Each structure stands twice: as structure tokens, then as C-alpha cells.
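1. quick one: sequence and predicted model below, then my questions.
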Amino acid sequence: MIRVPCPECRKAEMTVENGMRMEMTCPNCNRAFDILAFDPPENTGCVTQNRISDTDPACFDHPGKRAEHVCDLCGRLICPLCAFTIAGRRICTHCISSRRNGRPILPLEHRRALYDGLAFRIALWPTILFYFTLFTAPLAIFTAVWNWRKPSSILPRTRIRSIAAILIALMQIVLIVILLIAIATAIRQYGD
Amino acid sequence: MIDLNSQAVPKGYYRRIGGRLGRQLGPLPLAISIARVMIGPDHILLIDGGLVFERYHRFYFRDIEAVIVRKTITRVLSLILMLILTALFALPAVFVTDEFARTVLIVCASLTLLLGIIGWFRGPTCACYIRTAVQTARLYPICRMRHTRTLFAALASIRLQGMAPE
């Protein structure tokens, strides 16, 4: 049995059979829910074994424990207590905490900055008020170029936003230069 | 199997379920988050995309205790709203004598009516939640019953493969 609190009012609980799909009504708010309940995961625990002889492989962090796995990233010998299964691989605590190559391990990342999208917005939005592009166009180019190699979303994504941002910002700069030349020419003509 | 040190997951690793849904995060008009739900080989990924940052919430199948769905009346409300807007545009169009103004009003009325009809035919709306041992999280992009059916089918097939708790 799984006890599911009402996600709307959070004041009452509904009880659902494991592995069943049931239609329930919250006793407090009377809203109807369709609930698909899964069986709880099997509690396998974590069993470590002591080393019996000196020839037994020892865990890197627990010298008294028998190593049963090899870290898929660094190759350290680890006991079941130190092994985390991430995306089908066994990884030790050191690799998780050390942020390999300066970045966290891909399946553990919980936040990323999308500089390509930022550069695109900086380039595109100020075109409504053209005067701002004097500042935003160089800023968009800088943002796109400076963060060119930085990782974007964890989903596959092209660099089309960065390229578009650079092109739009370049066009804005060209337009600004043309506008300034036209103003300077007009001032010179009227000045004479 | 994915490369743990790569910058992005390979193509086809995730499958999108539901649409992209924007929701207001704060009082500022630009504080909008666009959420997506992706289903991977061993987890559901909820992506909350803001203006600059993208946040990832992973719900591993082994941790999911229940998926909860509630039917909502958003479809009916949005249809009523669109019909009211259509009427607001269409009624003045009957009395306006200027040809250009009438054309603009008729175009606006047609657009709102079209949006209402599209919204209706996209299917019944719902709110979908995922219950784990420690939290209940709403999957905002799963807002239509057909998305829910896809999610249930995906979870059921994964259970058959022995990935989820059986």
C-alpha cells in the first residue's frame, strides 16, 4: 500500500494498492485523481565484506573491506559502500566530488547557463528600441564569442543561436555606423 | 550508455513527452520558465528553462512511487475565453462601416476562434504529478490527457523491461 498525499490540498492522504492504477477522490477537497502506483523498490541494502587475506583487493577508502568493483572513471578499487551506479556505470565518491575536467559528471548536473540563448536575446530584443543596440550589439558578440566553447544544454543543441546573435549584432553595428556616417554627412552639409 | 564527461547526451537518449509550457515564476514579466519533460532510459528529466539558466530535475524510475493525474477544466475555460474574445471582435465588425477596420476585426475574430478550436481539439487537459518518497512534483508540460497516456505507456514498457520497480 502506498499513501499518496493529495497534491492539490495536501491535507488528506489517499491509499493505493501497489502496482495498481486506481481512480481515487481526495476526502478533503473532493477532487478526483487517476493514480498509477508502483511497487516500492526492493531494499537490497549494501553488504560489504571484510578482507580475509592480504591478497584480497582492498577498498581505496576502507582498507579493511574487500573491493568488489572498479571505478569506471578513475579505476580505483572500491567496495559496494563506495560504489554509486550512475547511468549504468559504477563511480567512486572521489570522482563524484572532484568534478572531473572542472565540470560535474553529466548525469549529476542540475543547472547550466545557456550563454548562446542569452547572446541571442541580447542581440534580438533591443532591436525594438534601436538606440540600445549601440551597447547591446558589442555585448551580444562578446557573450557569444567568449562563451563559444562553454557547454550549453545537456540536450544536443547546435550553435545556431550564437551564430545568429553574432550576425544580428554585426548587422546592427553596420546599421549604426551607416547612421552615424549619414548624420555626420548631413551635419557637414548643413554646416556649410 | 552515455559518456559521463561529455557536454551533452547523445541524440535519441531522451524522448520528449508533452509540449513546452511556459509559466510565470515571479512578478516580473520576463520571469518565465519554459519547462519540458524528457524520458530517458532510467529516469524522467524535467527541464526548467529560464532566461539564462536551465535547471534539471531527475526522477529515477526506481524512486517513483506513483504518477497522479487530475483532469482539469482548462480546455473548457480557454474555449469560453476564446469564444468571448471572438464575440468581442465579431460584434463590432457587424456595425463598423469602415472596410479596413471591419477586415481587421474579422481577422482577429477568426484567429481567436481558430485558437479556441485548436485548443479544443488538442484534447482534454490535466495536471500530472510524480510522487517519490520525499516529494510530489508537478510535471507542468504534461497538461493533456494524451501526454499522460504516453507517459503511462512509457512507464509500463519500462516496467516490463525490469527498469522500474516490479
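-> It's in.
2. can we go C-alpha only for contacts and neighbour counts from here?
-> OK.
3. and stretch A:73-84 with chain B, contact?
-> No - against chain B, stretch A:73-84 shows no contacts by C-alpha under 8 Å from any C-alpha of the partner chain, the least distance being 8.5 Å.
4. contacts for that stretch, please.
-> If you take C-alpha atoms under 8 Å, 6 or more residues apart in numbering or on different chains as the criterion, stretch A:73-84 is touched by A:46-48, A:57-62, A:65-71, A:90-93, A:95.
5. out of those, which end up buried?
-> A:57-61, A:65-71, A:90-92, A:95 (16 or more other C-alpha atoms under 10 Å in any protein chain shown).
6. secondary structure element holding residue B:18?
-> strand B:15-24 (DSSP states H and E).
7. now do that strand: distance to the chain's middle.
-> Distance, stretch centre to chain centre, for strand B:15-24: 4 Å (C-alpha atoms, centre = their mean, to the nearest Å).
8. for residue 21, list each beta-bridge partner.
-> In the absence of a named chain, this looks at chain A. The partner list for residue A:21 in beta bridges (DSSP bridges) reads residue A:36.
9. please go with chain B instead
-> Beta-bridge partners, per DSSP bridges, of residue B:21: residue B:35.
10. what residues does it make contact with?
-> Contacts of residue B:21 by C-alpha under 8 Å, 6+ apart are B:34-36, B:140-141.
11. just residue B:128 next, same as before
-> B:67-70, B:138-140, B:142-143, B:148.
12. try 6 Å this time
-> B:68-69, B:138-139 (C-alpha atoms under 6 Å, 6 or more residues apart in numbering or on different chains).
13. checking my notes, it in a strand, right?
-> Yes - assessed with DSSP: H, G, I helix; E, B strand; the rest coil, residue B:128 lies in a strand.
14. how many neighbouring residues does the residue lying closest to it once chain neighbours are set aside have?
-> Excluding the flanking residues, the one nearest residue B:128 by C-alpha to C-alpha, 6 or more residues apart in numbering or on different chains is residue B:69, at 4.5 Å. When neighbours are counted by other C-alpha atoms under 10 Å in any protein chain shown, residue B:69 registers 23.
15. shaky segments in the chain?
-> If you meant another chain, say so; for now it's chain A. A:40-45, A:99-103, A:192 (pLDDT under 70).
16. oops, I was thinking of chain B
-> B:1, B:5, B:22, B:24-31, B:159-166.
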